[in-house]
Each structure stands twice: as structure tokens, then as C-alpha cells.
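Peer 1: coords below, sequence missing:
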């Protein structure tokens, strides 16, 4: 049964806050992974805007309030969008998540994704329209459930209005995702086999709609699937691989639903919570490894861990991670 509980309590502070201190240490480790400079976001050579790990890292830094040059990154990201639109007329023909990731980054950094960059005719680019409700490719679903998931997350991150004439409505995106739920309650990139990370991401997208009975039922089934899949140490095995990223995505999903990753009994096995499992991947430099055998911090694992920690911090104020309203 899906039970929405109050998440972490208390307020983050500059010192003495375990979550905030851990996230800040991870951010410091992430900076060192690239070039070690304090102004990482203005270092376009080592930290290019428009690339996946850099965009997610910039987003995580902004949520933490790290002292960085966000204007420089927004400017570089705007140039990236303009260059692609002037050359091709779009960011990617089939991957709608290119728009979604960049739009989320723009919002996190204080920009306007509905007017960001320009096309070959000098017209302003609307990342929200082009990447979600009026996606210009053959079919937004060509990328699989990822596109439905992040289209919903992006629309709700800024509470954007979808025109009645839009190609894809919120209802369409929700129903398309629900239709692809597996018998075991999980979700995969495409229908056929559940994936831990995609299931967690689907929960993040569906969380704002948990008041709808059909969505509520789907969320309940997905939570049961994840709970049953959890290992005794609190981690998850996805495609024969135990990774920190799976823990991070599940934490974000639970916080999106108002559930505490440290104490929710469905996600504590043998006394080990999913949060405990994520901390097992933390290294001495403050960064996070991809798997337990690695002794080196991984850029993707670290940015996802920072986002997971941010989700727990934001949940204490009753907010979802991707809420930029």
C-alpha cells in the first residue's frame, strides 16, 4: 500500500547539517574530477555546457547554492542551443531528453527556458514547447519511456501551461507511461523488462499525479517492485550491476513521494536503508564511486548522489527535487 509520509525534518544550515555537508564535500570532489578550479562552470574547455554530466552537475551545484559563475554557464549553454538551432533547426531529432535536460538546467540556474537562444531566423527558442508538448521529431515516444518521464518532469518543474492545441498533453504523457508499466510494477526504457533506474525515474514523474486513482495504483505497484528488488545491504542490482546511481534515483523517487529514504520500512533491509547503501559508495575525497569495487570517484555517480542528497534537503520543506516554481 502506498503511504505518503512526511520526509526529513529540520532545516539545512551552513554547518552541522549531515546531508548538506556530505553534498558540499561531493561537490568539491566533483570540481577536482574536472580541473580543480573554483570557477568550474566558467571553464568551458574542461566543463563544456550542453554535455550531460556537466549540465546535471551545474544543476546540482545551483540547488546546493555553491558559489559559482552560473551566468557564464548559462551564456555558454545559450550559445550551444543557438549553434544547434542555426545549423540543424533542433537539438536532436529523436532524443527529446536533450531539450529536457537543458531546460531543467536553465531553470535551476535562473534562466527562462521558454526564451533561450535563437534559431537561424533570429527567433527565440522555446525549449519547453520544442522538447515537450510540441516535440518536432517523428514521435516523442521514439526514445522510449525516458522521453515521457522527463517531459512530465520538465513541464511540472516550472508548472508550464500546455496549450489545448498542443501535440502532446500531460494526460497523453501520463497514459503513455502507464501503458508501458510491466506486470511486476516496474518500468523499462521500452516495454519488455523492468529497470530499477527507469522505474525510480517514472515515480519521480508520476509523483505530482498521485491523487489520480490510476496513477496512485501504478505508483503503489512500482514501489512494491522496488522494495522487493532491494538487496540486504539496502542497494539495488540492475542488469547484474550494483551501482550508486540506482540508489540515488530511488532516493529521489522516494523524496518526490514524501517518503523518507532513511526510515521507510519498505526500503530498509536488515537494518540497511537505501540511504545507507548510497553512503557505502562514498569515498575519502567526498565523491561517490559507480560500484563498490572502485576506489575512484566517478563524475556521473557523484552528480547523481549530489542530486539525491539535494532531494532529501528539499523534501524537508515539502518540495520535490525538480521544483523550480
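Peer 2: Nice, thanks for sending it over. For clarity, every value in this text was computed on a predicted model and none was experimentally measured.
Peer 1: ok, which stretches of the stretch 151-300 of the chain are helices?
Peer 2: All helices of the stretch 151-300 of the chain, identified by DSSP state H, counting those that start in this stretch, fall at 170-179, 196-206, 213-229, 244-256, 274-279, 299-315.
Peer 1: Tell me where the model's unsure across this protein.
Peer 2: Under the criterion pLDDT under 70, the flagged ranges of the chain are 1-16.
Peer 1: biggest helix in it, by residue count?
Peer 2: helix 70-88 (DSSP state H).
Peer 1: ok so, going back, using JSON lines, lay out the helices of the stretch 151-300 of the chain together with distance to residue 118.
Peer 2: To be clear about C-beta, it is placed using only N, CA and C from the backbone, and glycine gets the same treatment. Listed next are the helices of the stretch 151-300 of the chain as JSON lines, based on distance: least, C-beta to C-beta, whole Å:
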{"stretch": "helix 170-179", "distance to residue 118": "27"}
{"stretch": "helix 196-206", "distance to residue 118": "30"}
{"stretch": "helix 213-229", "distance to residue 118": "38"}
{"stretch": "helix 244-256", "distance to residue 118": "33"}
{"stretch": "helix 274-279", "distance to residue 118": "41"}
{"stretch": "helix 299-315", "distance to residue 118": "29"}
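Peer 1: Which residue, other than its chain neighbours, is closest to residue 68?
Peer 2: residue 41 (4.7 Å; C-beta to C-beta, 6 or more residues apart in numbering).
Peer 1: so who does the one you found touch?
Peer 2: Counting by C-beta atoms under 8 Å, 6 or more residues apart in numbering, residue 41 makes contact with 47, 58, 61, 68, 69, 70, 72, 73.
Peer 1: The fifth one contacts residue 43, doesn't it?
Peer 2: No - between residue 69 and residue 43 there is no contact, the gap being 9.1 Å when judged by C-beta atoms under 8 Å.
Peer 1: ok, these two, which is more surrounded?
Peer 2: residue 43 (20 against 15; other C-beta atoms under 10 Å).
Peer 1: Distance check, residue 126 against residue 136.
Peer 2: Separation of residue 126 from residue 136 (C-beta to C-beta, to the nearest Å): 11 Å.
Peer 1: and those two? which has more neighbours close in?
Peer 2: Applying other C-beta under 10 Å to residue 126 and residue 136 shows that residue 126 carries more neighbours, namely 19 against 15.
Peer 1: For stretch 94-109, which outside residues touch it?
Peer 2: 50, 52, 55-56, 58-59, 62-63, 70, 73-74, 77, 80-81, 91-92, 112-113, 116, 127-128, 130-132, 135, 137-138, 140, 142-143, 146-147, 150-151, 153-154, 157-158, 322, 324.
Peer 1: Now, of these, which are buried?
Peer 2: 50, 55-56, 58-59, 62-63, 70, 73-74, 77, 80-81, 91, 113, 116, 127-128, 130-132, 135, 137, 140, 143, 146-147, 150-151, 153-154, 157-158, 322, 324 (16 or more other C-beta atoms under 10 Å).
Peer 1: May I see the buried residues of stretch 204-213?
Peer 2: Of the residues in stretch 204-213, those buried (16+ other C-beta under 10 Å) are 204, 205, 206, 207, 208, 209, 210.
Peer 1: contacting residues for the third one?
Peer 2: For residue 206, the set of contacting residues under the criterion of C-beta under 8 Å, 6+ apart consists of 152, 174, 177, 215, 218, 219, 222.
Peer 1: And it, how far from residue 128?
Peer 2: 20 Å.
Peer 1: gap between residue 297 and residue 88?
Peer 2: Taking C-beta to C-beta, one finds residue 297 at 35 Å from residue 88.
Peer 1: Between these two, tell me which one has more neighbours.
Peer 2: Ranked by neighbour count (other C-beta under 10 Å), residue 297 and residue 88 place residue 297 first, with 23 against 12.
Peer 1: does the more buried one really touch residue 282, like I thought?
Peer 2: No - contact between residue 297 and residue 282 fails when scored by C-beta under 8 Å: they sit 9.2 Å apart.
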